[in-house]
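Asks: only geometry, no sequence info:
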DNA sequence: TAGATTGTTAATCGATTAACAATC
DNA sequence: TAGATTGTTAATCGATTAACAATC
């Protein structure tokens, strides 16, 4: 067996997202009482080739047994380590509009190592409002919270025209990770990591896939017609 | 010049998401009154190599002028065609919880060719509620709306344990595109296109990037220290 | 004209798949 | 043992980058 990669060695981004999904699937299978999963099953769910899936497992040091498959428990434990889910990361959320609401109410982040420490909004009408377990704080408090809790990550659910300015401010105050929900490409210094959650990209992909798959099935129909004429 | 690809020829997925982002950036630049953009500027925003960006432009038949750059107006018009944003797609939204709320309130989908025709919820307590321009309808109405408006796309913001069953039902009724916001890998027939908007994947990527970039900067520091000792 | 910038072809790189060996 | 399934090495494929030519 080849040595699995070290804990913090960066994983190829494509592999990383497959592993994140694999973790989800394994969690769910564990809840259903499954103890082992075959690479064929998992690969089908993830829509990847079986071989690729096995390579991913090998890469993170998860070993399966021929005829039994991969142990669900070990997938979960290993991936928690590799994906960095076992240590908590402190985050703040800024922007308590409808999207901010939804994010604050979503209880699933904890499972992925993210703890939302506080929620802020620049709109004083929103300050003081209760959202789930949170009370919306004014931006004036933001600085001290960042310092006190050593906040590393900011989740930005603010309007597109505010987000760059806000980002600059946060970066100056030491935030090194931005989870950006506005459809804007942020300019940040090299040491800051930005992840854009850009719904438009998803939407474009969906529509484009639909159009091109419709087209290709029409072409197949044509082929079939031709073939049946011959 | 090489011939640009035909309208519905499928684009490589990576290129597709770059183009979607490019479209966003161009829209914004247009609003700011910019008439041309240099490949260097755009590439920097998209965090890709300039050459790659130019290849993307060439692929969709957008031509720039040396020393002037690419015309913003043409980027917008061309990409609207290529990305399929000029024809409308009818969609329904199912699940009017906090996330569903946020999606219904978000007015930006129209710009990307998606029209949300109606919103549904299985919970009768939610039925009748007003959310933005919508009134929540009961699932019983879903079937007739799908037929009447020839709905192709369903946006699913329902709990994870319901989403597969709902998907099966929708697929039987002719829906061919699913925009899934639950963290579940859906099983669908081949002709159905699924796009998962999986926040966990984004979160894992963000955290992993932060950890590995922190690590690599520490390694650099070590290198610098070594170098200065020599 | 010279220089900046676009456009294209060739080289590289990394990710995926195919083929096969190892193991239960 | 035979057969199914995992694990690994080699081959392929596609995407990105480098080098350079074309153009304003």
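Replies: It's in. What you see is a predicted model; the values in this text were computed from it and never measured.
Asks: any idea how far residue B:88 is from residue A:215?
Replies: According to C-beta to C-beta, to the nearest Å, residue A:215 and residue B:88 sit 18 Å apart. Bear in mind the C-beta positions are built from the backbone N, C-alpha and C, glycine included.
Asks: looking at the two, which one has more neighbours?
Replies: Neighbour count, other C-beta atoms under 10 Å in any protein chain shown: between residue A:215 and residue B:88, residue A:215 has more, with 15 against 10.
Asks: care to break chain A down by domain?
Replies: The record's domain parsing of chain A by automatic domain parsing lists A:13-82, A:89-197, A:199-230.
Asks: worst average pLDDT in those domains?
Replies: Among the domains of chain A, domain A:199-230 has the lowest mean pLDDT, at a mean of 77.
Asks: where is the longest strand in chain A?
Replies: Within chain A, and with DSSP state E defining each element, the longest strand by residue count is strand A:114-121.
Asks: who's in contact with whichever helix or strand comes after that one?
Replies: Heading C-terminal from strand A:114-121, the first helix or strand you meet, by DSSP states H and E, is strand A:130-131. Residues from elsewhere that reach strand A:130-131 (C-beta atoms under 8 Å, 6 or more residues apart in numbering or on different chains): A:96, A:100-101, A:104-105, A:119, A:136.
Asks: beta-bridge partners for residue A:89, please?
Replies: With DSSP bridges as the criterion, residue A:89 is bridged to residue A:114.
Asks: end-to-end on stretch A:170-185?
Replies: Using C-alpha to C-alpha, to the nearest Å, the end-to-end distance of stretch A:170-185 comes out at 16 Å.
Asks: are that stretch and chain B in contact anywhere?
Replies: Yes. Using C-beta under 8 Å from any C-beta of the partner chain, a contact is recorded between stretch A:170-185 and chain B, made by A:176-177, A:179, A:183-185.
Asks: report the two of those residues separated the most.
Replies: Using C-beta to C-beta, the two most remote members of the residues of stretch A:170-185 next to chain B are A:176 and A:183, lying 22.4 Å apart.
Asks: which one of the two is surrounded by more residues?
Replies: residue A:183 (22 against 18).
Asks: now do the SS call for that one.
Replies: Judged by DSSP: H, G, I helix; E, B strand; the rest coil, the three-state class of residue A:183 is coil.
Asks: ok, it to residue A:81 distance?
Replies: Using C-beta to C-beta, residue A:183 is found at 34 Å from residue A:81.
Asks: show me the strands in chain A, by range?
Replies: Taking DSSP E, the strands of chain A run over residues A:36-37, A:70-71, A:89-94, A:114-121, A:130-131, A:134-138, A:153-156, A:177-180, A:193-196.
Asks: quick check: which of those is buried the most?
Replies: strand A:153-156 (a mean of 26; mean count of other C-beta atoms under 10 Å in any protein chain shown).
Asks: show me what that one is packed against.
Replies: strand A:89-94, helix A:160-172, strand A:177-180, helix B:199-229 (3 or more C-beta pairs under 8 Å, 6 or more residues apart in numbering or on different chains; DSSP states H and E).
Asks: could you rerun that using 7 Å?
Replies: On a contact count with 3 or more C-beta pairs under 7 Å, 6 or more residues apart in numbering or on different chains; DSSP states H and E, strand A:153-156 meets strand A:89-94, helix A:160-172, strand A:177-180.
Asks: still on that earlier bit, what angle do the longest strand of chain A and strand A:89-94 make?
Replies: Orientation of strand A:114-121 against strand A:89-94 (axes from the mean of the first three to the mean of the last three C-alpha atoms, to 10 degrees) gives an angle of 20 degrees.
Asks: got the angle between strand A:114-121 and helix A:160-172?
Replies: Going by the same axes, to 10 degrees, strand A:114-121 makes 120 degrees with helix A:160-172.
Asks: how far does strand A:114-121 sit from its chain's centre?
Replies: 17 Å (C-alpha atoms, centre = their mean, to the nearest Å).
Asks: buried sites along stretch A:26-35?
Replies: The neighbour-count check on stretch A:26-35 (16 or more other C-beta atoms under 10 Å in any protein chain shown) flags A:26-29 as buried.
Asks: make a markdown table out of these and add distance to residue B:22.
Replies: Output for the buried residues of stretch A:26-35, formatted as a markdown table (distance: C-beta to C-beta, whole Å):
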| residue | distance to residue B:22 |
| --- | --- |
| A:26 | 36 |
| A:27 | 36 |
| A:28 | 36 |
| A:29 | 39 |
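Asks: so which of those are in helices?
Replies: Counting by DSSP state H, the part of the buried residues of stretch A:26-35 found in helices is A:26-29.
Asks: on that earlier part again, out of the helices and strands packed on strand A:153-156, which is closest to DNA strand D?
Replies: strand A:177-180 (20.5 Å; C-beta to the nearest atom of the strand).
Asks: tell me the contacts of residue A:35?
Replies: For residue A:35, the contacting residues are A:71-72, by C-beta atoms under 7 Å, 6 or more residues apart in numbering or on different chains.
Asks: swap that for residue A:201, sorry
Replies: B:17, B:20-21.
Asks: and residue A:76, what does it touch?
Replies: Residues near residue A:76 by C-beta under 7 Å, 6+ apart: A:23, A:26-27, A:30.
Asks: which of those lies closest to residue B:71?
Replies: residue A:23 (44.9 Å).
Asks: including distance to residue A:40, could the contacts of residue A:76 go into JSON lines?
Replies: Output for these, formatted as JSON lines (distance: C-beta to C-beta, whole Å):
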{"residue": "A:23", "distance to residue A:40": "19"}
{"residue": "A:26", "distance to residue A:40": "15"}
{"residue": "A:27", "distance to residue A:40": "20"}
{"residue": "A:30", "distance to residue A:40": "19"}
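Asks: can you tell me which residues in chain A are near DNA strand C?
Replies: A:12-15, A:48-49, A:51-52, A:55, A:65-68 (C-beta under 7 Å from any atom of the strand).
Asks: if we go to 6 Å?
Replies: Within chain A, the residues that sit near DNA strand C (C-beta under 6 Å from any atom of the strand) are A:12, A:14-15, A:48-49, A:51-52, A:55, A:65-67.
Asks: gap between the residue nearest to residue A:166 when sequence neighbours are not counted and residue A:82?
Replies: Leaving aside its sequence neighbours, residue A:166 sits nearest to residue A:158 (C-beta to C-beta, 6 or more residues apart in numbering or on different chains; 6.0 Å). Distance, residue A:158 to residue A:82, using C-beta to C-beta: 32 Å.
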